[in-house]
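>>> Sequence and predicted structure are below.
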Amino acid sequence: MSKSVFPRALEDEAIYIMREVAAQFERPALLFSGGKDSIVLVHLARKAFFPAKVPFPMMHIDTGHNFEETIEFRDWLAQETGIRLIVRYVQDSINQGRAKEETGKYASRNILQTVTLLDAIEELKLDACIGGARRDEEKARAKERMFSVRDDFGQWDAKKQRPELFDMLNGKINVGENVRVFPISNWTELDVWNYIKEENLALPSIYFSHKRQIIERDGLYWPASPFLNTTEDEIPFEATVRFRTVGDMTCTAAVLSDASNIDTIIEEIKEAVISERGARIDDKRSEAAMEKRKNVGYF
Amino acid sequence: MDILRIATAGSVDDGKSTLIGRLLYDTKSITKDKLEAVEASSKRKGLDFVDLSLLTDGLIAEREQGITIDVAHIYFSTDKRKYIIADTPGHVEYTRNMITGASNAEASIVLIDARNGVIEQTKRHLFISNLLKIETVFVCINKMDLVGFDETVFNKIKADVEEIAKKMGYEGDLDFVPIAAKYGDNVVQPSTKMNWYSGPTLLEYLEELPVHKKEDALPARLPVQFVIRPHSDQHHDFRGYAGKLSSGQLHVGQEVLVLPSSRTSKITKIYHAQKEVDSARSEESITVELQDDVDISRGNMIVPADAAPTQTNAFVATISWMDEQALTTSKSFLLQHGVNVVKAKITGLQSKLDIHTMEETNDVSQFKLNDIGRVGIKTAKPIFADLYKDNPRNGAFILIDEFSNNTVAVGFMDKF
């Protein structure tokens, strides 16, 4: 029927959801992480409102531990698309005493982001935040709704979720509540890559194979950086790697890879024996690490 | 590549998780680390088998209690298409979850344990498939290995199911597959132990099922979600009506009717996403431009001039009650029909379905969580709808509680 390898119905569904957000909410924002999923979201938003401008801003919660390439890409994309960029900094939350830096060799600002995010939602009175989470990524995310209501404290109650029937989205909320919206819920990692390929989307260079200083820890390859607390025996060495998922430098592991273009990346994913979030140390803290973070307001 | 959405319902005992696990395994859709995590959890729980339900039961409460509470979405794909399984618990107290999961499905899989034959749960799953007018139901008669792969057992259960379906008035396709999910017989690979069965395996059936065949053939319904007005120099006069075509097809040059204004016009341009196209089909997110300046806003509907839906503000519908708080008729609700929201009132409770006997009763004293029954509804403004049986997407609605904002019911229009 369609020549596309990417299931085009997923794009139709995501555009429908983007339009519902613009119609149902007063102050929505697109949560931009610099990762491939949020880059896809920006592209979908542009398509949804073409030829008009995207009617909401994108917001980045900057941990200060980002890859340099991600930040450069973010600023380029904002300029290229003309979408207003809002940035809020975890460092500010730390300075204000709202968040406390973790210590030890696994220290990361991943959890601290939640504080900054919730503060930003309150400050900007955002009633909807569009995110790039996918149900195939992680088992708690598999239970997410397209429109996921968060209470006054940003909390998610998995047991009290609204049923979503057909494609009718109920975005009615009380003052203080907000909705997290996940337009690419039904996409898999492979769908995202096939879409990036077919739509010819630009990505930060770290997704492609490159030489980098890394350290080996717990069988994973960590990018060496001033933000990563290392022990004496963890000596950085150079390797050819790429990133399959992109978060902070302290919670995203690299994979050894020679895949330097989209086609070889897609081949690599098809053959992969480890899932995407297998390279996320933030998920490995416990079996329910994601659900626990989501309960308190995480992305 | 197209997408086939399937609903499954059932408890661990039916071997549902094993079946889904089998589909994932045999289509190579599960990665090693996920499988290892499940193996480790199974061992920790002291199980002597790999409990594949742990793959789908993602919530802490679900793992603690060993049950599926919510709808889980499972993805796998073949070279031909992508599959989305909405997997739901089969017990009566989760009827609302089953209906939710089934609402987007084009096909459903009903699992029967060959040793037990048709049980109450089987009837309920058939009933829900029938209620939602799911066009194809695959009845998988599982655990054939435990009945000696006996053809007579299969035929007996098949006849029982056919009789029940007939009694319910189910008009879709019923296909029967004898399987042994644990060993993979007739799931993806044909069984070598049931030579008496020459039909397709479950996956072969799924691969051959046409998608959106029915929706495409129906009259076009374009609920307007958003009016696109760029106000830019380049697109100064652009006025586009954006929405997802819920059924039918539209093409450039077509005469259309705009509801509720009843103005007619002609389609001058169609954009699918941002690409200009000549025509569009159901489920596509499009933007149309019209020849005339017509006043159109969100919730309006663009339809073919010669095939309009019914304008109604009072109708009879079957509803499934989904809220912890019982339904009271004195209250008003918000009724969401597609993207259009109007105030509504339940004018009367007509009949209720006994979920155990599947029979209608006139005891309508109360509509509680998971109850299904027929009600009269009045809306403050007219809506433009089709009967659910004629056009499901334009014949369904949800009710929203004005105070809690929760979605408290789903409804299917029966009679105008």
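That came through fine.

>>> Write out the residues of the stretch 101-250 of chain A neighbouring chain B.
By Cβ under 8 Å from any Cβ of the partner chain, the residues of the stretch 101-250 of chain A that approach chain B are A:135-136, A:138-143, A:149, A:158-159, A:161-168, A:170, A:172-174, A:185-186, A:188, A:190-191. Backbone N, C-alpha and C define where each C-beta goes, glycine included.

>>> Could you pick out the buried ones from those?
For those, a burial check counting by 16 or more other Cβ atoms under 10 Å in any protein chain shown picks out A:135-136, A:138-143, A:149, A:158, A:161-168, A:170, A:172-173, A:185-186, A:188, A:190-191.

>>> taking those one by one, which sit in strands?
Among those, the members falling in strands (DSSP state E) are residue A:149.

>>> In helices only, show me the buried ones among the residues of the stretch 101-250 of chain A next to chain B.
Mapping those onto helices (DSSP state H) picks out A:190-191.

>>> Next up, the contacts around residue B:165.
B:126, B:130, B:137, B:174 (Cβ atoms under 8 Å, 6 or more residues apart in numbering or on different chains).

>>> Show the pLDDT at the last one.
In this model, residue B:174 is scored at 95, pLDDT.

>>> need the helix or strand of chain A with the lowest average pLDDT.
helix A:289-295 (a mean of 65; mean pLDDT, DSSP states H and E).

>>> cool, and chain B?
helix B:60-65 (a mean of 54).

>>> Helix or strand next in line after that one, which one?
Helices and strands here follow DSSP states H and E; after helix B:60-65, the next one along the chain is strand B:72-77.

>>> Is any residue of the next helix-or-strand element following that next one near chain A?
Heading C-terminal from strand B:72-77, the first helix or strand you meet, by DSSP H and E, is strand B:81-88. Yes. For a cut-off given as Cβ under 8 Å from any Cβ, strand B:81-88 has contacts with chain A, namely B:81-82, B:84.

>>> Of those, which qualify as buried by neighbour count?
B:81-82, B:84.

>>> which ones are touching residue B:171?
By Cβ under 8 Å, 6+ apart, the contact set of residue B:171 is residue B:133.

>>> Is it in a helix, a strand, or coil?
coil (DSSP: H, G, I helix; E, B strand; the rest coil).

>>> and chain B, what are its domains?
B:3-212, B:216-304, B:310-415 (automatic domain parsing).

>>> and the contacts of residue B:165, which two are the farthest apart?
By the measure Cβ to Cβ, B:130 and B:174 form the most distant pair in the contacts of residue B:165, at 10.6 Å.

>>> Pick out the residue of the stretch 51-200 of chain A closest to chain B.
residue A:139 (3.1 Å; Cβ to the nearest Cβ).

>>> circling back to that earlier point, just the contacts of residue B:165: which are in helices?
B:126, B:130.

>>> could you list every residue that touches the closest residue to chain A within the stretch 101-250 of chain B?
Residue nearest to chain A within the stretch 101-250 of chain B (Cβ to the nearest Cβ): residue B:230, separated by 3.9 Å. For residue B:230, the contact set (Cβ under 8 Å, 6+ apart) comprises A:51-53, B:238.

>>> of all the residues you listed, which comes closest to residue B:336?
residue A:52 (25.2 Å).

>>> Surely that closest one and residue B:229 touch.
Yes. In this structure residue A:52 lies within contact range of residue B:229 using Cβ atoms under 8 Å: 6.6 Å.

>>> most surrounded residue in the contacts of residue B:165?
Each of the contacts of residue B:165 was scored for neighbours by other Cβ atoms under 10 Å in any protein chain shown, and residue B:126 scores highest at 24 neighbours.

>>> Tell me which stretches of the stretch 101-250 of chain B form strands.
Taking DSSP state E, counting those that start in this stretch as the criterion, the stretch 101-250 of chain B carries its strands at B:107-113, B:136-142, B:173-178, B:222-223, B:226-228, B:240-244, B:249-251.

>>> Name the residues of the helix or strand hosting residue B:38 that are buried.
Using DSSP H and E, residue B:38 falls within helix B:32-44. For helix B:32-44, the neighbour count (16+ other Cβ under 10 Å) marks B:33-35, B:37-38, B:41-42 as buried.

>>> Quick check: of these, which lies closest to chain A?
For the buried residues of helix B:32-44, the nearest to chain A is residue B:33 (4.6 Å; Cβ to the nearest Cβ).

>>> any idea how far that closest one is from residue B:97?
Taking Cβ to Cβ, to the nearest Å as the criterion, residue B:33 is separated from residue B:97 by 28 Å.

>>> How far away from the center of its chain is stretch A:77-92?
Here stretch A:77-92 is found 15 Å from its chain centre; the criterion is Cα atoms, centre = their mean, to the nearest Å.

>>> Need the contact partners of that stretch.
Stretch A:77-92 is contacted from outside by A:29-30, A:32, A:39, A:42, A:45-46, A:53-54, A:57-64, A:74-75, A:99, A:109, A:112-113, A:115-117, A:119-120, A:123-124, A:202, using Cβ under 8 Å, 6+ apart.

>>> before we move on, what about stretch B:119-127?
Residues outside stretch B:119-127 that contact it (Cβ under 8 Å, 6+ apart) are B:9-11, B:90-92, B:95, B:98, B:108, B:110, B:112-113, B:137, B:161, B:164-165, B:168, B:170, B:355-356, B:358.
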